[in-house]
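Chemist: Can you look at this prediction? I've put the sequence above it.
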Amino acid sequence: MATTLRAPWPNYKVTSILPNPQFADTRATEGTVIIKRTMTGKVITYKRPSDRFTLKLPFQLTRMKALELEAFLNSYQSASIFIELGYDGSQWEAKLVQQPVIRRAIERIGESSTIGKELVEVTLTFSAKRLN
């Protein structure tokens, strides 16, 4: 299975299919910390839970696929994106938190140094809500 990105959510116009994230994904819950001070000066903190997660997806893509992904994200960077992770079947409604981190070329495939034979590391960070 593969990772599927569709945008804009829920009326899809564009679909991008990526390989599964390199080392699965990183999920962290998003919450709000509220700090209050009493009249006596004592500090009280509360954590308000949220149904949203910070979803971090690291990929190893060919240079051409990385350029396609960059064009997809530039077109829909402020829209909600539907994400389906192929390795566990989870579905997410997400918004891009920051521009994708595109690292240097990590490997060249074969003897040719053409743009399609280069592997690139790309990390995507989303604020996401699980749908299933």
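Modeler: Received, thanks.
Chemist: is it true that residue 16 touches residue 68?
Modeler: Yes. Counting by Cβ atoms under 8 Å, residue 68 is a contact partner of residue 16 at 6.8 Å. Quick note: C-beta positions are derived from backbone N, CA and C, even for glycine.
Chemist: quick one: which helix or strand includes residue 74?
Modeler: For residue 74, the element it lies in under DSSP states H and E is helix 63-75.
Chemist: OK, contacts around residue 76?
Modeler: For residue 76, the contact set (Cβ atoms under 8 Å, 6 or more residues apart in numbering) comprises 7-8, 14.
Chemist: Pop out the phi and psi values for it.
Modeler: Backbone geometry at residue 76, expressed as degrees, to the nearest 10, gives phi -120, psi 30.
Chemist: The chain should start at 54 in everything you say after this.
Modeler: Renumbered: residue one is now 54, and that last one reads residue 129.
Chemist: Now do residue 73 against residue 111, distance only.
Modeler: 10 Å (Cβ to Cβ, to the nearest Å).
Chemist: for the contacts of residue 129, which one is nearest residue 92?
Modeler: residue 61 (49.1 Å; Cβ to Cβ).
Chemist: ok, now which ones touch the closest residue to that closest one other than its chain neighbours?
Modeler: Spatial nearest neighbour of residue 61, chain neighbours left out: residue 132 (3.9 Å); criterion: Cβ to Cβ, 6 or more residues apart in numbering. By Cβ under 8 Å, 6+ apart, the contact set of residue 132 is 60-62, 148.
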